[in-house]
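Visitor: Sharing a sequence plus its predicted fold:
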Amino acid sequence: LDDLAETMADVVVRAVAGEPGRHDLTDSLGPLGALDGVVVSGGVAEFVYDQERRDFGDVGRRLGRALAERFRTGALPGPLLDADQRIRATVLGASEYSVQLSGITSHVSAPERTLPRRSVRVARPTYELGEVVDADADAVARAIAEHLVRLEIRPEDDAVLALHFEGVPSYRRLRALADGVRRGLADAVEAGRPVYLMLDADVARTLGALLRDELGVSNDLVVLDGLALRDFDHVDLGRMREPSMTVPVTIKSLVFGTRTEAAHEQERRSG
């Protein structure tokens with residue numbers, strides 16, 4: 001692993017500062033000359049800037065240290081500059097796929113104010129929704145509030161809350177989910193922020209009606225369904241199309257892999 005990390009670091013140096021080797025899988029950036037500085041982003045940057053000491057079982061720590069050594073020796077064409085965003089920097093070239101949602105089961109209270117939106121961050125809390133209404137609502141509220149804190153999403157930030165729902169869509173269970181959402185988003189609701197909810201089951205219209213009519217949420221609501229989202233996804237929401245009343249959605253995922261969506265869904269259902 002050490003040899004692999006050293007080789008990867010040398011490939012980076014050749015791509016940025018020189019000619020790529022015969023077996024390198026990347027082209028050179030061409031002659032850059034002396035640079036005022038170089039910024040590193042992504043997970044490896046935590047190790048380059050010596051902000052992380054743990055080993056996560058991959059080559060990240062080794063590669064970060066190898067790159068840091070090349071900055072110290074001057075192999076890269078400029079000094080290492082501080083980075084405000086390291087692991088949280090957005091990946092360039094994120095995979096994208098589009099879906100068009102039917103307006104039949106959606107709830108969009110003020111499309112002229114809430115749509116369109118670009119690159120809205122997704123948060124997907126984990127919770128269990130059974131039949132014990134009060135306990136389930138408490139669990140949902142706690143899961144949402146704690147997850148938003150964990151992802152550093154503030155009440156004033158636009159964010160999509162991705163919700164999972166399976167089983168019987170009874171009034172009691174949907175009311176428990178709505179109550180948990182209302183309490184979990186209490187700060188954003190009190191601040192008058194628009195609420196963006198996306199579900200993987202076709203219950204958006206009912207959930208929106210419960211929030212609006214029974215729980216007194218007067219904020220602008222965008223509740224869409226038929227979407228299975230994950231943490232670190234971002235979504236673009238287009239303008240509502242008439243007369244079909246559909247909302248075009250582009251999901252930009254930073255998670256890559258070869259597993260099918262069915263496998264992802266099975267993983268989500270198994271916790």
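Guide: Received the coordinates, thanks.
Visitor: following the biggest helix by length in the chain, which helix or strand shows up next?
Guide: Using DSSP state H, we find that the single longest helix of the chain is helix 133-150. For helix 133-150, the following helix or strand on the C-terminal side (DSSP states H and E) is strand 159-163.
Visitor: Mind giving me the packing neighbours of that following strand?
Guide: Secondary-structure packing of strand 159-163 (3 or more Cβ pairs under 8 Å, 6 or more residues apart in numbering; DSSP states H and E): strand 117-123, helix 171-184, strand 195-199. Where C-beta positions appear, they are placed from N, C-alpha and C, glycine not excepted.
Visitor: Put together TSV for these, with mean neighbour count, distance to residue 13 and mean pLDDT on each row.
Guide: Listed next are the helices and strands packed on strand 159-163 as TSV, based on neighbours: other Cβ atoms under 10 Å; distance: least, Cβ to Cβ, whole Å; pLDDT from 0 to 100:
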stretch	mean neighbour count	distance to residue 13	mean pLDDT
strand 117-123	17	32	94
helix 171-184	21	47	96
strand 195-199	24	43	97
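Visitor: Residue 25 is nearest to which of those?
Guide: strand 117-123 (29.1 Å; Cβ to Cβ).
Visitor: picking that back up, got JSON lines for the helices and strands packed on strand 159-163, with distance to residue 37 too?
Guide: Compiled in JSON lines, the helices and strands packed on strand 159-163 are given as follows (distance: least, Cβ to Cβ, whole Å):
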{"stretch": "strand 117-123", "distance to residue 37": "27"}
{"stretch": "helix 171-184", "distance to residue 37": "42"}
{"stretch": "strand 195-199", "distance to residue 37": "38"}
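Visitor: List of residues touching the longest helix of the chain?
Guide: 123-130, 159, 161, 172-173, 175-177, 179-186 (Cβ atoms under 8 Å, 6 or more residues apart in numbering).
Visitor: can you rerun that using 7 Å?
Guide: 123, 125-130, 161, 172, 175-177, 179-181, 183-185 (Cβ atoms under 7 Å, 6 or more residues apart in numbering).
Visitor: to the chain's geometric centre, what's the distance from that helix?
Guide: How far helix 133-150 lies from its chain's middle: 19 Å, per Cα atoms, centre = their mean, to the nearest Å.
Visitor: buried ones in that helix?
Guide: 133, 136-141, 143-145, 147-148 (16 or more other Cβ atoms under 10 Å).
Visitor: residues in contact with stretch 23-39?
Guide: 11, 14-16, 18-20, 76-81, 83.
Visitor: what's the first-to-last distance across it?
Guide: Terminal residues of stretch 23-39 lie 26 Å apart, using Cα to Cα, to the nearest Å.
Visitor: repeat for stretch 68-78
Guide: 12 Å.
Visitor: avg pLDDT for it?
Guide: Averaged across stretch 68-78, pLDDT comes to 91.
Visitor: got the contact list for it?
Guide: 9, 13, 16-17, 32, 34-38, 48, 80.
Visitor: Could I have the buried ones of those residues as ChimeraX selection syntax?
Guide: Buried members of the contacts of stretch 68-78 can be picked out in ChimeraX with the line below, counting by 16+ other Cβ under 10 Å:
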select :9,13,16,17,38,48,80
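Visitor: Columns distance to residue 198 on top of the contacts of stretch 68-78, output as a markdown table?
Guide: Putting the contacts of stretch 68-78 into a markdown table (distance: Cβ to Cβ, whole Å) gives the following:
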| residue | distance to residue 198 |
| --- | --- |
| 9 | 40 |
| 13 | 43 |
| 16 | 39 |
| 17 | 44 |
| 32 | 42 |
| 34 | 48 |
| 35 | 42 |
| 36 | 42 |
| 37 | 40 |
| 38 | 38 |
| 48 | 35 |
| 80 | 40 |
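Visitor: Mind picking the two most distant members of the contacts of stretch 68-78?
Guide: 9 and 36, at 21.8 Å, using Cβ to Cβ across those.
Visitor: can you map out the strands along the chain?
Guide: With DSSP state E as the criterion, the chain has strands at 95-101, 107-108, 117-123, 159-163, 195-199, 221-225, 234-237, 247-253.
Visitor: ok, the third one: who's next to it in the sheet?
Guide: Strand partners for strand 117-123, identified by DSSP bridges, are recorded as strand 159-163 (parallel), strand 234-237 (antiparallel).
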